[in-house]
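Provide a 3D model corresponding to the input given below.
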Amino acid sequence: MDEEFLDLAAALLGRGLAVFSMDGPGQGALAATTVLRPEYEQVVGRVVDALGVARVGLVGLSLGGYFAARAAALEPRVAAVATVSGPFRLDWAELPPPVRDIMARRTEGADAARAFARHVDLTGLAPRIAAPLLVVDGGQDVIPGVTDGEPLARLAPRGTYLHVPHGDHLLGNARPDWLPRLADHITAALTAPPA
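Here you go, the predicted model:
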């Protein structure tokens, strides 16, 4: 499990939830052998099938926030979702070169990365997110080309926006200001009786 997930997993475990952490295609340990793909709801669906559970909560960090929100819009077994520093939309022209380079390596080249970035847009999917959604953004997260998450929270029927003014990308410098609230959000949604 990546270090950035340890505090999150501990907070969820401390509230009595089971936790499964994964890298999807083109991410983490799988980055060397697979490529990023926008259809993340298919990945989540297969994982839910393999776990044999009726519903799950998703938490996505950075680009994982986009994947979590997209999966919540398209996979009906997602009962809770939270994004941390996740893009609502990507603007390839404004992304800094290091981010473009990472995306190119994880998508089979610059053309594939540009095509992938065009898919990263939650405008049409946000209204389809039926699960309670918490969007966490840091005010000091200044990656050009990544629009903030406020529109996602506003467009989702059950969206809530948490802006931490002093938080950086992934808000590692401000965990006490958002982590308990995120863990409470996921716990409350998953322990409530299904609608």
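
show me what contacts the residue most central in space within the chain?
For the chain, the residue nearest the mean C-alpha position is Gly65 (1.6 Å; Cα atoms, centre = their mean). Going by Cβ atoms under 8 Å, 6 or more residues apart in numbering, Gly65 touches 83-87, 135, 149. The way it works is simple: take the backbone N, C-alpha and C, and place the C-beta from them, glycine included.

What about those, which are in strands?
83-84, 135 (DSSP state E).

pLDDT for the residues you listed - can I get that in CSV?
Listed next are the ones in strands among the contacts of Gly65 as CSV, based on pLDDT from 0 to 100:
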residue, pLDDT
Thr83, 97
Val84, 96
Val135, 98
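
buried residues in the helix or strand of the chain with the lowest mean pLDDT?
For the chain, the helix or strand with the lowest mean confidence is helix 3-14, at a mean of 90 (criterion: mean pLDDT, DSSP states H and E). Buried residues in helix 3-14, counted by 16 or more other Cβ atoms under 10 Å: 5, 8-9, 11-12.

quick one: Ala29 is in a helix?
Yes. Counting by DSSP: H, G, I helix; E, B strand; the rest coil, Ala29 is found in a helix.

That one: neighbouring residues, count only.
When neighbours are counted by other Cβ atoms under 10 Å, Ala29 registers 10.

Hmm, it is touching Asp23, no?
Yes. The criterion here is Cβ atoms under 8 Å, and Ala29 meets it with Asp23 at 5.1 Å.

returning to what we had before: just the CA atoms of the helix or strand that the least confident helix or strand of the chain is followed by, as PDB, please.
Later in the chain than helix 3-14, the nearest helix or strand by DSSP states H and E is helix 40-51. Taking Å, rounded to 0.1, in the frame of the first residue of the first chain, the C-alpha atoms of helix 40-51 are listed here in PDB:
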ATOM      1  CA  TYR A  40     -12.400   2.800 -14.700                       C
ATOM      2  CA  GLU A  41     -15.900   1.800 -13.800                       C
ATOM      3  CA  GLN A  42     -15.100  -1.500 -15.500                       C
ATOM      4  CA  VAL A  43     -12.100  -2.000 -13.200                       C
ATOM      5  CA  VAL A  44     -14.200  -1.100 -10.100                       C
ATOM      6  CA  GLY A  45     -17.000  -3.500 -11.200                       C
ATOM      7  CA  ARG A  46     -14.600  -6.400 -11.500                       C
ATOM      8  CA  VAL A  47     -13.100  -5.700  -8.100                       C
ATOM      9  CA  VAL A  48     -16.500  -5.500  -6.500                       C
ATOM     10  CA  ASP A  49     -17.400  -8.800  -8.200                       C
ATOM     11  CA  ALA A  50     -14.200 -10.400  -6.900                       C
ATOM     12  CA  LEU A  51     -14.800  -9.100  -3.400                       C
END
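
Got the phi and psi for the residue nearest to the centre of the chain?
Taking degrees, to the nearest 10, you get phi -70, psi -40 for the backbone angles of Gly65.

Is Arg100 in a helix, a strand, or coil?
Per three-state DSSP, Arg100 ends up helix.

could you dump the contacts of Gly65 to CSV with distance to Gly60?
Putting the contacts of Gly65 into CSV (distance: Cβ to Cβ, whole Å) gives the following:
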residue, distance to Gly60
Thr83, 5
Val84, 7
Ser85, 9
Gly86, 6
Pro87, 10
Val135, 10
Gly149, 11
